[in-house]
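Output the structure for:
(one chain, ligands or ions: 1)
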Amino acid sequence: MRSSGHCDRSASRAATTEIESNVLSLDGAHVDQLPENCPLNPHKGMYHYQESNQRPGRQKTVKCAFCGKSFKSQFYMDRHMDLKHEDKLLSNATVCLADYCDVLHCQSQTPVACREEDIKHSQLRCRALFDRCFPIDADKRLHDFYLHHYCDTLSCRGAGGEKRSPFSQPYSSPADDAAPGGRIVLISVLVVFLIVYYAAMLYSRRETATRRDLRPLRNTRQAGLWSSILRMLPRGQNHHD
Ligand SMILES: [Zn+2]
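The predicted structure is shown next:
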């Protein structure tokens, strides 16, 4: 058991949402693959156990799965957790995820006056964080992506609670250059083209062969018909008198 101290629940929730929705949404970025010393693991968040024991109740209430009480808002539920269930803060989950809200661009960041030195400090923390969680030697592609989308985008512009989306530019890897849907359409078009091409080739070859076979036959038939007509005519009629 431990004390939550001054770890902001709302900011921790926002950080968890950002981690689960964006950071861990990319190929190769799974929670089980995070290094042990990476704090961006929702399961290590000090409120994880308490948060996972809250359910939607009747009439838009929030229900506590520990004791069954319902609350009309998240605010009262948070207060209930602080007052009644502090024993549910697990000793192996000690990370205050709210501490990373600055580098994660959390939506619920409290508006503050922006100072350039704070931004520089956050950028250094950001780089150290993603160096640790997504080491460059493990996956350079992911490492560079996070540094670019989270750390390089930290600036006074947009600070003060305004949400900046580091994922505004779509993530792409060489394998993703052609979307799965696009690849399927491309392959289908290629298959149809090949079928039409070979069908046309086959038809053309058969047509040529048929013509070649029919030509002498036609000539023979014409020659035969003409000789029969000539034979049927009286011999004298073959010549003009
Ligand atoms: Zn309770």
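
any idea which residue sits dead centre in the chain?
Using CA atoms, centre = their mean, the residue of the chain that lies closest to the mean C-alpha position is L26, 6.2 Å off.

wouldn't that one be in contact with L142 here?
Yes: using CB atoms under 8 Å, L26 is in contact with L142, at 6.6 Å. All C-beta spots, glycine's among them, are computed from the backbone N, C-alpha and C.

residues shared between the contacts of those two?
Taking CB atoms under 8 Å, 6 or more residues apart in numbering as the contact criterion, no residue touches both L26 and L142.

any weak-confidence spans in this protein?
1-5, 107-112, 157-183, 210-241 (pLDDT under 70).

mind listing the strands for it?
54-56, 62-64, 70-71 (DSSP state E).

hmm, the last one touching the ion?
What it means is strand 70-71. No: figure legend: strand 70-71 not in contact with the ion (CB under 5 Å from the ion); closest approach 9.0 Å.

cool, the first one as well?
No: Strand 54-56 does not reach the ion (CB under 5 Å from the ion); its nearest approach is 9.1 Å.

Name the residues of that strand that come out as buried.
Using 16 or more other CB atoms under 10 Å as the test for burial, strand 54-56 gives Q54.

List the pairing partners of that strand within its sheet, with orientation.
Strand pairing for strand 54-56, determined by DSSP bridges: strand 62-64 (antiparallel).

Show residues contacting the partner strand.
Taking CB under 8 Å, 6+ apart as the rule, strand 62-64 contacts 53-57, 69-74, 77, 80-81, 85.

do the same with stretch 70-79
9-10, 54, 57-58, 60-64, 80.

Highest neighbour count among those residues?
When neighbours are taken as other CB atoms under 10 Å, the top entry among the contacts of stretch 70-79 is R9 (21 neighbours).

what residues does this structure put near the ion?
Counting by CB under 5 Å from the ion, the residues of the chain that sit close to the ion are 64, 66-67.
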